[in-house]
Each structure stands twice: as C-alpha cells, then as structure tokens.
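K.L.:
The sequence and its predicted three-dimensional model are supplied below.
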Amino acid sequence: MDRVIPLDLTRLTVRELNHFLHHDLPTGDAVRVEILNPNGMHNLAVGLDAPAEIDILGHAGYFIAGMNKRANVTVHGNVGWSVAENIMSGTVRVKGCASECAGASGHGGLLVIEEDASSRCGISLKGCDIVVGGSVGHMSAFMAQAGTLVVCGDAGGSLGDSLYEATIYVGGKIHSLGADAQEEPMTAADMARVSDLLTKAGIARDLKSFKRVASKRSLYHWHADAGQEY
Amino acid sequence: MTDPIHREESFTFDRHVLEYIQQAAEHGLYDIRGLGAKRKLPTFDDLVFLTASASRYPLEGYREKCVSKTVLGTRFAKKPVELETPVTIAGMSFGALSANVKEALGRAATEIGTSTTTGDGGMTPEERQSSKTLVYQCLPSRYGFNPDDLRKANAIELVLGQGAKPGGGGMLLGQKVSERVAGMRTLPAGIDQRSACRHPDWTGPDDLTIKINELREITDWQVPIYVKMGATRVREDVKLAVKAGADVVVIDGMQGGTAATQQCFIEHAGIPTLAALPLAVQALEEMDVFGTVQLIISGGIRSGADVAKALALGADAVAIGQAVLMALGCNSPTYTHDGERIDATDDYAKLGTAPGYCHHCHTGRCPVGITTQLPELESRMTPEWGAKRLKNYLQVLTMELTTLARACGKSNVHHLEREDLVALTIEAAAMAKVPLAGTNWIPGQ
C-alpha cells in the first residue's frame, strides 16, 4: 500500500509545497502525496521531476503541474489556464474541466481532461498526447507541431489553425477548421492510435465516430497566393 | 555640358519607393530581411558628456579605479547575476546563428565576465558549456524549452517582444532550418518557420504575474527573471512588467536587430532607443523601484560612448546584438581562414549585395559564416577566432565606458547621471530629457 503524505494548503504556502515536492519527496517507496485545500491556487506541483503520485483534492488555478516530468498528477476538480503547460513526461489528469490553453506547448507525456477544455487546448503542442473526454473551445491545437489531441466531444472554431505535424482526432462535431487544417480519412493506424490513447485515459468511446484532422502543409513555405492565411 | 535628360525625382516616389512598389507587384510578398532599422534616427550620438574641468574633479586613468561591476536581479532572486561589465550579449538564436557563433559568444562573454543569452531555438550544449553566465529565453514559440535547461540557466528572460518587430513573432526561413535546428524546434526540416507573437499559455499582465511566479517556483526562486519588450508604450509596459514581478526589465529600441522579419516592421514599428530609455526610467522612478528593478537597454548600441550615455540616462546595463555580429565580421569584405584573409565579395554579390550593405541574414548564405547553417559557410567563422575578436570588442567598450566615467569624475560607471549629459539637437533633448547644449532648455518641460 502506498505511503500517503498529506500537504494542507491552509497550513503551507505554495512555495513550501513546491519546495517539498522538488527536494524532500521520499525516494525508494511508493509515495502518494495528497494536496488538500487547493482552493483555486496557482502554480501547484510545478516543475516536478520524480515518479511520484500527486493528488490535488479540489479545484486549482493556473499552470497546475506545469513542466511536469515523470510525476503522475491528478486534479480532483477543475483547473484554470494552462494545466500541464510544457509537460515533458508523466501524466496529468483533470477529473473535471480545464480552462484555456490546456497542455500548451507540451513536449511529451499524457494529459487527460475528463470533461471539457476551453479555448486553445493543445496550442503549440510539441509531442504531448492530450485526451479530452468532452469538448474543446476554439483555436485548439493552434500551431501544434507534434503529438496528438483526441477530443471525444465537439471542437470549436478554427481547429488546428496553422497546424504542423500534430494529429487531431474529433469524435463529435467540428465547428470549423483553421488555416491549413484538413479532415483526412481514418486509417487502421489512426484507429489503433485513438484506441490506445482512450485506453490510457480510461475513457470509453465508440471509435467509429472519430475524424482525423492534420495539416495540408500548404503554408510550410511562403508563397504569394496564400495571402492572409499567414 | 548640361544633361539633356530632364531628371526631376519625386520626393514621395523616389527610386527606393519605386523599387519597393515594383518588387511588391512582381512577387506579391513583402520584403523580409535581417538586422535593424536603417533609416536615420536620433541616437546617442546626439548627446555629449559634460566632462570634468574646474567645477568637477576628474579621476586619473592610470591610478584611480573605475568600477564596472554590475549586478542584475536583486529584487527577488536568491542568486542575482554578477557581471564584470554592464555590456551584455543579447538573445540570438541557434538557427539564426551558427553553432560556432553561439559558442564564440559564450567564450568571449565568459572571458570578459559578462552574460550571453539563448534565443528562439533553445539552449545548445555548446553555448551552455562555453558560457559562465547564460540567460535562457522563454519565448512565445517555446522551441526547445524544457525544465532541465531552465534549471541550468543563470537567469530567465521572458520575451514579450523585440525592438525590430514589436508585436510580431520570429521567423526563420527554410534554408536555415537544418536537421539540427528543426530537431531542436520540433519542426520539419526546411520549412519556412513562423513563431507565434503571443505566448501560448498566458495573455495580459495579470496572467504574466502568475507565469513569472510559475517560473520562479520551478527554479526555486534561485535566478532572476527578466522581462524583455520592444519599445512602444514603454512607460506603461515597464510599469506592468514591474507589477508582474520582473527582477529586470529589458527594453529593446527600434534599432534592435533581427535575423529575419518584414521590412515594414523594422522601419515602421517602435520608438528609437534614445526615446525609450528615459520613459523606462521614468516608469521605474514613478513606481519607486529605480535601483531595485534593474534596467537593460538595447537597440543599436555600438560603442563605449553609447554604453556610457545609456548608463547616464539610467540604464543598469546594455545588451548588444548586431554589433556583436559585426565584431565577428558581419559586413566585412573578408573572412579569415588559417590566419589568411579570404575575399568574400563575390559571395556578397551572389546575394545581390556588397560588404557594408548586407542585411541578408534571412537567406542563410552569410558570406562570412555568421548567420548560416551551411557547413561550408559556418567553417568561415571558428569559435576560437570569433571569441578572440569579440573579447577584444567587449574590452574596448568597457575601456571606453570607464574612460568617459573617469572624465566625469566617477569611480563607478553606475554613478554616471543624467546631469552629465547635454543634447546636440532639439529632438534628442526632448527624447532624452536632457538640456540642449548651451542652454537649460529641455523641450516639453
């Protein structure tokens, strides 16, 4: 059984919390940290670089689990902007909804939003995988370079605008595609990819409804006819 | 004999404008180029020092020390940046510059005791290894940005904009996006890369406060956080950066350089460095943080005299970029190979330019091997040769700075003050907020 370390934010500052997570986590044993009373606070569990299990018991603010490496962080509530921004590895899971820019510029690892994510989910993505159980807002996966965004619900306007090499899968309705994004046929490899990510996310959905969106690669080089698409 | 051809050139549509219109009509794309504003602007040359005579007491150059030590980031960081000179090296990316150049910058900075800065392409191992003090930029693109390099940095510079293109994002044309550059940026090799102009994870000054705190938390409040901005609404922007928690504010005037951006940006956006600096100082004074939050000014700094004037106007340090490249041979007719000077004018001509006029950094075909990723060109500037040249140049800047400071009677370059300066033009007097020479008149006051 995991050893549980409770850290109560009515008694600790954010600085004390992060200092503990950076420097004082016990090594060797399976450790689970419970962060109590987050009350919408920002910058919780940022910059972790340890194989720890972190549970944030309640709603949290901006940049939760930012730049995460190796740790598995679960938020038992909703989060503000930019959860798991620039995540490198490990898993960040939000049991509720996420505000804007979830997983922004994430390089690796897995981000799971069990309910909805707001605008610009997966913006500037660089290799991270994101699974959203609900819907995402407009401009999601804007300028996404690598990695995968799986949206089980609907996607807002301008999905995948200025997309590079990231891939988007949408189970519901796509409000509109952004510049240089196009819908493409789902292959067996796409099905397997979505299935694998849904399994990892612990979310069950009918695979048949998913659509693939990727870059047309028509804006990779400057040309006059593209006009205002740039 | 009089010329029988009548030539009355239009002021509005002169030959440069005609060429611009005809090029636009031909290609349907705007001009993209490197370096900074080429138009004539008020500069530090429009100011002069009132050095000592009877009413002031000069210091003796040979026997009396003039301190140039500079400390940046004293507001919140546990480990402020300590430099031997207030002349720092501005952020320039690996991608825009070759790996050899980045290494040369680190070596020279380390030898002279100053800092160098990464750029829009992440941190290379060469520059970290060669740089004792390295400032790590956090840019909107976040190319190669990662927590390991963040923790290796001696300071973090959150870049909101730069003087050559305030409000715009970076650009790196396909010919410079080599396999290594592309790998560091997680992009396909050879594409024309466009960076975002806004950060992906925050918007506005309130968010900036939280973002700065996030970076502090990740780095355990060890290193200073700079906020760099292009010079536009300087007074307001500096105040917001200070309120957001910056340790150091960096203001980049419109003469600041770039590896590539639209010509219309370079020449028509932002305000001159001379005008920007007093506004930044005013903002710090109004917030009662002058001296607590340090100020770095950049954009067209060329000489020790420029540095001295910037410090007298209230800067704590300067950052130089284009002049660094010029010290390495940018726009020189020759490059050096095995101690021999090799003529490169044919290579300039192939780009449609000539030494002294080149701003073709965006092409990746730099004739002297600085702004290139092509191995055959990169080899024209070795780290050893470049580091020696740059060290010499940085040394001259510091020597000129202390020479002027001593002549003003200062035993510390940071004791230079606005009262030591007068302006030669009404424009410079108004912008720098110092009197017109021979008068006590400061326009607007």
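P.N.:
Structure's in. What do you need?

K.L.:
Where is the longest helix in chain A?
P.N.:
helix A:188-201 (DSSP state H).

K.L.:
part of a helix, is B:Leu311?
P.N.:
Yes: counting by DSSP: H, G, I helix; E, B strand; the rest coil, one finds B:Leu311 located in a helix.

K.L.:
buried sites along stretch B:184-204?
P.N.:
Burial within stretch B:184-204, assessed by neighbour count using 16 or more other Cβ atoms under 10 Å in any protein chain shown, is assigned to B:184-188, B:190-196, B:199-202. All C-beta atoms are positioned from the backbone trio N, CA, C, and that covers glycine.

K.L.:
part of a strand, is B:Val71?
P.N.:
Yes: with three-state DSSP as the criterion, B:Val71 is part of a strand.

K.L.:
That one reaches B:Pro80, doesn't it?
P.N.:
Yes: using Cβ atoms under 8 Å, B:Val71 is in contact with B:Pro80, at 5.3 Å.

K.L.:
Only the buried residues of the longest helix of chain A, if you could.
P.N.:
Buried-residue list, helix A:188-201, by 16+ other Cβ under 10 Å: A:Asp190, A:Arg193, A:Val194, A:Leu197, A:Leu198, A:Ala201.

K.L.:
Can you give me the pLDDT of the first one?
P.N.:
What that stands for is A:Asp190. In this model, A:Asp190 is scored at 98, pLDDT.

K.L.:
What residues are recorded as beta-bridge partners of the residue lying closest to it once chain neighbours are set aside?
P.N.:
Counting by Cβ to Cβ, 6 or more residues apart in numbering or on different chains, A:Asp190 lies nearest to A:Arg212, which is 5.2 Å off, once chain neighbours are set aside. With DSSP bridges applied, A:Arg212 shows beta-bridge pairing to A:Tyr169, A:Glu184.

K.L.:
Relative to chain B, how far out is A:Arg212?
P.N.:
Applying Cβ to the nearest Cβ, to the nearest Å, the value for A:Arg212 to chain B is 19 Å.

K.L.:
So that residue is in contact with A:Ala188, correct?
P.N.:
No: with contacts counted by Cβ under 8 Å, A:Arg212 stays clear of A:Ala188, the gap being 11.9 Å.

K.L.:
quick one on the thing from earlier: for B:Val71 and B:Pro80, work out which one has more neighbours and name it.
P.N.:
Ranked by neighbour count (other Cβ atoms under 10 Å in any protein chain shown), B:Val71 and B:Pro80 place B:Pro80 first, with 19 against 15.

K.L.:
So what's the residue count around the spatially closest residue to the more buried one that is not a sequence neighbour?
P.N.:
In this structure, B:Pro80 finds its nearest non-sequential neighbour in B:Gly73, 4.2 Å apart by Cβ to Cβ, 6+ apart. Applying other Cβ under 10 Å, we find 24 other residues in the vicinity of B:Gly73.

K.L.:
quick one: which of the buried residues of stretch B:184-204 sit in strands?
P.N.:
B:Gln193, B:Arg194 (DSSP state E).

K.L.:
and the two most separated of the buried residues of stretch B:184-204?
P.N.:
B:Gly190 and B:Trp202 (31.3 Å; Cβ to Cβ).

K.L.:
partner residues bridging the closest residue to B:Ala437 other than its chain neighbours?
P.N.:
Distances taken as Cβ to Cβ, 6+ apart place B:Val422 nearest to B:Ala437, at 4.2 Å, with adjacent residues excluded. Legend: beta-bridge partners of B:Val422 under DSSP bridges are B:Val48.

K.L.:
give the contact list for B:Val422.
P.N.:
B:Leu47, B:Val48, B:Leu50, B:Ala429, B:Val434, B:Pro435, B:Leu436, B:Ala437, B:Gly438 (Cβ atoms under 8 Å, 6 or more residues apart in numbering or on different chains).

K.L.:
What distance do you get for it to chain A?
P.N.:
47 Å.

K.L.:
Helix or strand for A:Asp129, just tell me which one.
P.N.:
strand A:126-132 (DSSP states H and E).

K.L.:
In terms of helices and strands, where is residue 17?
P.N.:
No chain was given, so I picked chain A. Assessed by DSSP H and E, A:Leu17 sits inside helix A:14-19.

K.L.:
meant chain B actually
P.N.:
Per DSSP H and E: helix B:15-27 holds B:Val17.

K.L.:
If you count contacts, what does that helix end up packed against?
P.N.:
Judged by 3 or more Cβ pairs under 8 Å, 6 or more residues apart in numbering or on different chains; DSSP states H and E, helix B:15-27 has no packing partners among the helices and strands.

K.L.:
what's in contact with whichever helix or strand comes after that helix?
P.N.:
For helix B:15-27, the following helix or strand on the C-terminal side (DSSP H and E) is strand B:32-33. For strand B:32-33, contacts defined as Cβ under 8 Å, 6+ apart pick out B:Met171, B:Leu173, B:Ala260, B:Thr261, B:Gln262, B:Gln263, B:Ile266, B:His359, B:His360, B:Cys361, B:His362.

K.L.:
Touching, B:Asn412 and B:Thr70? I think so.
P.N.:
No: using Cβ under 8 Å, B:Asn412 is not in contact with B:Thr70, being 10.0 Å away.

K.L.:
for the closest residue to A:Asp129 other than its chain neighbours, which residues make a bridge with it?
P.N.:
Leaving out its chain neighbours, the residue that sits closest to A:Asp129 by Cβ to Cβ, 6+ apart is A:Thr148, at 4.6 Å. Beta-bridge pairing of A:Thr148 under DSSP bridges involves A:Asp129, A:Thr167.

K.L.:
The stretch 151-300 of chain B: strands as residue ranges?
P.N.:
Along the stretch 151-300 of chain B, the segments classed as strands by DSSP state E, counting those that start in this stretch run B:155-159, B:171-172, B:193-194, B:225-230, B:248-252, B:261-262, B:294-298.

K.L.:
circling back: run through the neighbouring helices and strands of the helix holding A:Leu17.
P.N.:
Packing partners of helix A:14-19 (3+ Cβ pairs under 8 Å, 6+ apart): helix B:205-218.

K.L.:
can you give me the offset of the helix it packs on from its chain's centre?
P.N.:
25 Å (Cα atoms, centre = their mean, to the nearest Å).

K.L.:
Alright, that wraps it up for me.
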